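**Q** heads up, no residue letters with this:
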């Protein structure tokens, strides 16, 4: 990945993957959860899935490699939080095993791309430091 290929936040593959995860939660998970979970599990899922993209966006806006990496790392934590909530939903028989598998695949894809972006940011920071 080179900086020239990233012109906006929306060009980041990790952000796109987190957006897919966020939309999956909103479109496929929240609608099937019981009404009594609206202010419990639904709310937690919505917040953690939104945090996946929001943290990448905040890091992107920092214009500093290591600050960006820190917020992107927070996004990775939110991905795992989404997975934990999906496991809970499955354990409580609110969602099917198929939905859990689909969610797990989306989380794993997002985390893999996040890890790659963090590595890129760390290398870029070191290259910038050695150039001075």
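**A** All right, it came through fine. All of these numbers come straight from a predicted model, not from anything done at the bench. Residues are numbered from 1 along each chain as shown.
**Q** distance of the residue most central in space within the chain from residue 126?
**A** Nearest to the mean C-alpha position of the chain, by Cα atoms, centre = their mean, lies residue 52 at 3.2 Å. Here residue 52 is placed at a distance of 26 Å from residue 126 (Cβ to Cβ, to the nearest Å). All C-beta atoms are positioned from the backbone trio N, CA, C, and that covers glycine.
**Q** and residue 56, by the same measure?
**A** 21 Å.
**Q** how about residue 18?
**A** Counting by Cβ to Cβ - residue 18 and residue 126 are separated by 25 Å.
**Q** neighbour-wise, which of these two wins?
**A** Counted by other Cβ atoms under 10 Å, residue 18 and residue 126 do not tie: residue 18 has more neighbours, with 33 against 12.
**Q** in what helix or strand does the more buried one lie?
**A** In this assignment (DSSP states H and E), residue 18 forms part of helix 13-24.
**Q** got the contact list for that helix?
**A** Contacts to helix 13-24, defined as Cβ atoms under 8 Å, 6 or more residues apart in numbering, come from residues 1, 9-10, 49-50, 52-53, 56-57, 60, 72, 75, 79, 82, 102-103, 106-107, 109-110, 113-114, 116-117.
**Q** list the ones among the residues you listed that fall in helices.
**A** 49-50, 52-53, 56-57, 60, 72, 75, 79, 82, 102-103, 106-107, 109-110, 113-114, 116-117 (DSSP state H).
**Q** residue 64: neighbouring residues, count only.
**A** 12.
**Q** ok, it - contacts?
**A** Counting by Cβ under 8 Å, 6+ apart, residue 64 has no contacts.
**Q** distance check, it against residue 24.
**A** 31 Å.
**Q** okay, buried residues for the helix or strand bottoming out on mean pLDDT in the chain please.
**A** Least confident helix or strand, the chain: helix 97-130 with a mean of 94, by mean pLDDT, DSSP states H and E. Residues of helix 97-130 classed as buried: 99-100, 102-103, 106-107, 109-111, 113-114, 117-118, 120-121, 124-125 (neighbour count, 16 or more other Cβ atoms under 10 Å).
**Q** ok, now how distant is residue 122 from residue 66?
**A** In terms of Cβ to Cβ, residue 122 sits 8 Å off from residue 66.
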